[in-house]
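Participant: just a sequence and a predicted model for now, questions to come.
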Amino acid sequence: MEIKSIFRGFAFGLCVLPIMAWAQTRVIEVDLNNVKGQLNTSFKTSVGAGRANEGLRADWQQQLAEIKRDTDFKFIRMHGLLTDDMGVYKVDAQGREQYNFQYVDALYDYILSIGMKPFVELGFMPQALASGNKTIFWWRGNVTPPHSYEKWEKLIQALTQHWTDRYGAEEVASWYFEVWNEPNLDGFWAGSQADYFKLYNYSARAIKRVNLKYKVGGPATAGAAWIPEMIAYCAQNKVPLDFVSTHSYGVDQGFLDEFGGRGTVLSKDELSVARDVLQNRKQISESVMPNLELHYTEWSSSYTPADPTHDSYHQAAYILQKLKQTGDAAQSMSYWVFTDIFEEPGPRFEAFHGGFGLMNAQGIKKPAYFAYQFLNKLSATELKTSDAQSIATKDNKGSTQLLLWDSTRTLPEGVNNQQYYIKDLPPANKGDVNVHLQGLKKGQYKLTISQVGYKQNDSFTAYIGMGSPAQLTKAQVTELKAKSTGKPNQEKRISVGGDGEFTLNLPLRENDVYLVELSKNK
């Protein structure tokens with residue numbers, strides 16, 4: 001029996017607010033014959049992590065393997081690869097330099113074993129090579145220039161050669177080498193811009209001496225800064241530059257909150273983050289190196305490790321909105337970070353504390369996690385849609401996917417993120433979404449609908465409902481994980497007739513995210 005399905009008031013057990021008379025219907029029309037092109041997957045090129053030494057922990061590795069399976073992130077970038085807790089460099093009593101790459105090997109062996117690659121961040125300074133004692137973070141990463149740039153160059157060349165010997169030139173040629181982190185901030189770099197360019201020059205020379213095919217870039221700045229200056233310096237001085245990198249966060253003031261004590265306010269700019277990316281792409285296209293790759297090696301809603309936007313259900317829709325706005329302007333948009341096993345301000349004493357992670361320290365998945373999991377379920381061919389808050393795709397077997405969301409900034413005037421997003425925040429109703437698909441092949445399909453939003457794969461609101469305990473029992477961890485799995489809300493078999501059309505209505509609330517999948521039965 002043919003079913004041309006129209007599901008009105010499509011709740012399927014979801015927690016939805018009543019449909020108000022004034023609520024309007026949003027219409028999304030998708031024609032499977034109207035192809036946009038190859039889906040841009042810069043969203044999963046890379047993801048961040050706190051520091052290299054944390055990657056030696058079993059729970060960190062377990063979480064990374066899980067997120068790799070769900071999101072298919074390709075690269076991972078982290079601070080502190082050369083910091084003393086990685087045991088890379090020392091000078092013995094006779095003044096002889098000694099290199100040790102055993103900890104780095106253990107970390108990189110694991111990363112490669114699960115099908116990921118390192119986005120190498122070269123920093124911070126080994127104490128025995130540093131020109132001063134200035135450090136950042138609880139784990140004391142030294143941020144001073146080297147006392148000898150020649151010895152720094154020798155170390156970088158030795159490390160690059162070691163990786164070549166261990167993993168092979170073909171493998172290492174697929175990596176990215178990024179020099180330092182946010183040298184435009186005094187907290188991260190005790191030298192000047194000229195000092196950074198000198199460090200970059202010596203680093204690039206060391207890497208290219210091992211293999212000219214290896215990709216090196218920078219300046220990894222905060223706030224989308226120094227891109228024209230970086231290109232100009234490298235062009236004028238004939239310094240290798242294969243890509244440029246920088247960072248952006250969705251708050252308007254400040255760039256660094258080392259210990260998570262600052263009050264932040266989510267930007268009112270509808271193009272926050274995206275505006276920086278688009279501007280950098282314009283700067284590159286107008287430069288003498290117009291085809292350079294652009295990598296955003298950090299981005300999120302906020303730069304502080306104590307911002308509850310990161311934990312809130314609002315974050316899933318926020319992520320999708322920013323990625324949609326940036327389009328293909330950047331070759332990677334690396335979310336900062338994948339886990340709350342992250343100790344810049346020291347070990348945290350609360351299970352949910354506004355940490356950067358897509359998962360908390362116990363491996364409980366936050367709503368943000370599912371933005372990436374849903375994106376990873378999209379097919380390779382993108383379809384055209386005039387709706388600004390959706391992505392439609394299809395595969396070559398007749399199946400199609402529609403990812404849609406509502407992105408609404410609800411932060412009241414005069415209130416900061418830390419005051420607002422820690423609350424149970426029921427969303428306002430936004431009416432219905434009417435999805436109309438055409439161009440489908442006649443036949444049987446499995447309809448699958450998954451959702452993220454208020455009390456839907458929303459571990460943080462459930463945590464608030466527990467009374468926000470600082471420490472979680474094993475039973476509480478199990479309970480929160482069970483409420484945040486990403487599994488579909490509904491699976492249903494449907495029939496599509498000869499007209500190739502399918503219509504579906506979904507109730508929509510502020511910052512809801514839906515993934516609608518129609519899988520063609522064989």
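Facilitator: Done, it's in. Numbering: from 1, shown residues only.

Participant: what residues are up against the closest residue to Glu121 other than its chain neighbours?
Facilitator: Sequence neighbours aside, Glu178 is the residue nearest to Glu121 in space, at 5.0 Å (criterion: C-beta to C-beta, 6 or more residues apart in numbering). C-beta: built from backbone N, CA, C; applies to glycine. Applying C-beta atoms under 8 Å, 6 or more residues apart in numbering to Glu178 gives the contacts Arg77, Phe119, Val120, Glu121, Leu122, Val216, Gly217, Gly218, Ala220, Ser245, His295, Thr297.

Participant: 6 Å instead?
Facilitator: Residues counted as contacts of Glu178 (C-beta atoms under 6 Å, 6 or more residues apart in numbering) are Glu121, Gly217, Gly218, Ala220, Ser245.

Participant: right, and the third one touches Val179 too?
Facilitator: Yes. Distance between Gly218 and Val179: 4.4 Å, which falls inside the contact criterion (C-beta atoms under 6 Å).

Participant: overlap in contacts of these two?
Facilitator: Tyr200.

Participant: which one's more surrounded, the two?
Facilitator: Gly218 (30 against 25; other C-beta atoms under 10 Å).

Participant: quick one, what contacts the residue nearest to the spatial centre of the chain?
Facilitator: Central residue of the chain (C-alpha atoms, centre = their mean): Tyr335, 1.8 Å from the mean position. By C-beta under 6 Å, 6+ apart, the contact list for Tyr335 reads Val47.

Participant: quick one: it and Trp175, what's the gap?
Facilitator: Distance, Tyr335 to Trp175, using C-beta to C-beta, to the nearest Å: 19 Å.

Participant: low-confidence stretches in the chain?
Facilitator: 1-23, 254-261, 522 (pLDDT under 70).

Participant: and it, what are its domains?
Facilitator: The chain is divided into the following domains under automatic domain parsing: 25-39+381-520, 42-375.

Participant: pick the most deeply packed of these.
Facilitator: Among those, domain 42-375 has the highest mean neighbour count (mean count of other C-beta atoms under 10 Å), at a mean of 20.

Participant: that one: end-to-end distance?
Facilitator: Terminal residues of domain 42-375 are spaced 11 Å apart (C-alpha to C-alpha, to the nearest Å).

Participant: one more: stretch 31-39?
Facilitator: One end of stretch 31-39 sits 16 Å from the other (C-alpha to C-alpha).

Participant: any idea how far that stretch is from the chain center?
Facilitator: Put simply, stretch 31-39 sits 26 Å off its chain's centre (C-alpha atoms, centre = their mean, to the nearest Å).

Participant: now the helices: where do they sit in the stretch 201-350 of the chain?
Facilitator: 227-237, 274-285, 314-326 (DSSP state H, counting those that start in this stretch).

Participant: let me have those helices in JSON lines, extended by distance to Glu501.
Facilitator: Output for the helices of the stretch 201-350 of the chain, formatted as JSON lines (distance: least, C-beta to C-beta, whole Å):
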{"stretch": "helix 227-237", "distance to Glu501": "47"}
{"stretch": "helix 274-285", "distance to Glu501": "34"}
{"stretch": "helix 314-326", "distance to Glu501": "26"}
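
Participant: for Gly498, which of those helices is the nearest?
Facilitator: helix 314-326 (33.6 Å; C-beta to C-beta).

Participant: could you name the helices and strands sitting against that closest one?
Facilitator: Counting contacts by 3 or more C-beta pairs under 6 Å, 6 or more residues apart in numbering; DSSP states H and E, helix 314-326 packs against helix 274-285, helix 367-375.

Participant: make it 10 Å
Facilitator: Other helices and strands packing on helix 314-326, by 3 or more C-beta pairs under 10 Å, 6 or more residues apart in numbering; DSSP states H and E, are helix 274-285, strand 293-300, strand 332-335, helix 367-375, strand 390-394, strand 400-405, strand 443-452, strand 513-520.

Participant: alpha carbons only: can I get the fifth one in PDB?
Facilitator: Backbone C-alpha positions of strand 390-394 (Å, rounded to 0.1, in the frame of the first residue of the first chain) are rendered in PDB as follows:
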ATOM      1  CA  SER A 390      19.700  23.400   7.000                       C
ATOM      2  CA  ILE A 391      21.900  21.100   4.900                       C
ATOM      3  CA  ALA A 392      20.500  18.400   2.600                       C
ATOM      4  CA  THR A 393      22.500  15.600   1.000                       C
ATOM      5  CA  LYS A 394      22.000  12.300  -0.900                       C
END
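
Participant: given that strand, what are its sheet partners and their directions?
Facilitator: strand 381-383 (antiparallel), strand 400-405 (antiparallel) (DSSP bridges).

Participant: next secondary structure after the longest one?
Facilitator: In other words, strand 400-405. Under the assignment DSSP states H and E, the closest C-terminal helix or strand after strand 400-405 is helix 417-420.

Participant: the next helix or strand after that next one pairs with which strands, and in what direction?
Facilitator: Later in the chain than helix 417-420, the nearest helix or strand by DSSP H and E is strand 429-438. Partner strands for strand 429-438, per DSSP bridges, with pairing direction: strand 25-31 (parallel), strand 502-509 (antiparallel).

Participant: what angle separates strand 429-438 from strand 513-520?
Facilitator: Orientation of strand 429-438 against strand 513-520 (axes from the mean of the first three to the mean of the last three C-alpha atoms, to 10 degrees) gives an angle of 20 degrees.

Participant: can you redo the helices and strands packed on helix 314-326 as TSV with distance to Asn211?
Facilitator: Below are the helices and strands packed on helix 314-326 laid out as TSV (distance: least, C-beta to C-beta, whole Å):
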stretch	distance to Asn211
helix 274-285	25
strand 293-300	18
strand 332-335	22
helix 367-375	32
strand 390-394	37
strand 400-405	39
strand 443-452	43
strand 513-520	42
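
Participant: ok, the residue nearest to the centre of the chain to Thr83 distance?
Facilitator: Distance from Tyr335 to Thr83, by C-beta to C-beta: 23 Å.

Participant: ditto for Trp405
Facilitator: 39 Å.

Participant: now do Tyr249
Facilitator: Distance from Tyr249 to Thr83, by C-beta to C-beta: 23 Å.
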